[in-house]
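Asks: Quick one: sequence and predicted model below, then my questions.
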Amino acid sequence: MGSPRDQVSACGKPKPDLTSDPFAYPLTHGNVISNAATGRDTLADDRIGFIDRHEGLHVWQNRIFGPVYQGVYVGWFLLGAVAAVITKAVRRGAPPLRRLVETAAYYDNPFEYWAYRRDDHWETSSAESMLKWRPKAPS
């Protein structure tokens, strides 16, 4: 938490607590990675490699796919949100809507799936198992 002074921005407004927000993710747009420290003052040493590999792959995805990358990302988010709402409406005992949207719109996005799998973090991601993509079992 820190001192009360640490919780106030330079203009005197309270700083948002991004560390408690599950949607406070790093964002890669083109060659720029923002919020890599995910709301903290500095990037934790244990996250540097993950951010470099995961977000670095998004930089290359954006370079390779160009505007298609951004279009697919936005389209997938919208369709994923719709899928989550439908799942919540028809499945009894479904997890909270926010978790379903996070999984269908973010984690199941093909570019995110690729990045998490590349870094061996897919199985340990916090995606909701009801909607989480599962790798094809070896035959």
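Replies: Arrived safely, thanks for sending.

Asks: Before we move on, what's the pLDDT of G66?
Replies: Predicted confidence (pLDDT) at G66: the value is 91.

Asks: Also the one 10 residues further on?
Replies: Taken from the predicted model, the pLDDT recorded for W76 is 95.

Asks: helices or strands up against the host helix or strand of it?
Replies: Applying DSSP states H and E as the criterion places W76 in helix 67-90. Secondary-structure packing of helix 67-90 (3 or more CB pairs under 8 Å, 6 or more residues apart in numbering; DSSP states H and E): helix 45-65, helix 97-101, helix 110-118. Heads up, the C-betas are built off the backbone N, CA and C, glycines and all.

Asks: hmm, 10 Å instead?
Replies: For helix 67-90, the elements it packs on are strand 27-29, helix 45-65, helix 97-101, helix 110-118, judged by 3 or more CB pairs under 10 Å, 6 or more residues apart in numbering; DSSP states H and E.

Asks: Can you point out the buried residues in the longest one?
Replies: When burial is assessed from 16 or more other CB atoms under 10 Å, helix 45-65 yields the following buried residues: F50, I51, H54, E55, L57, H58, Q61, N62.
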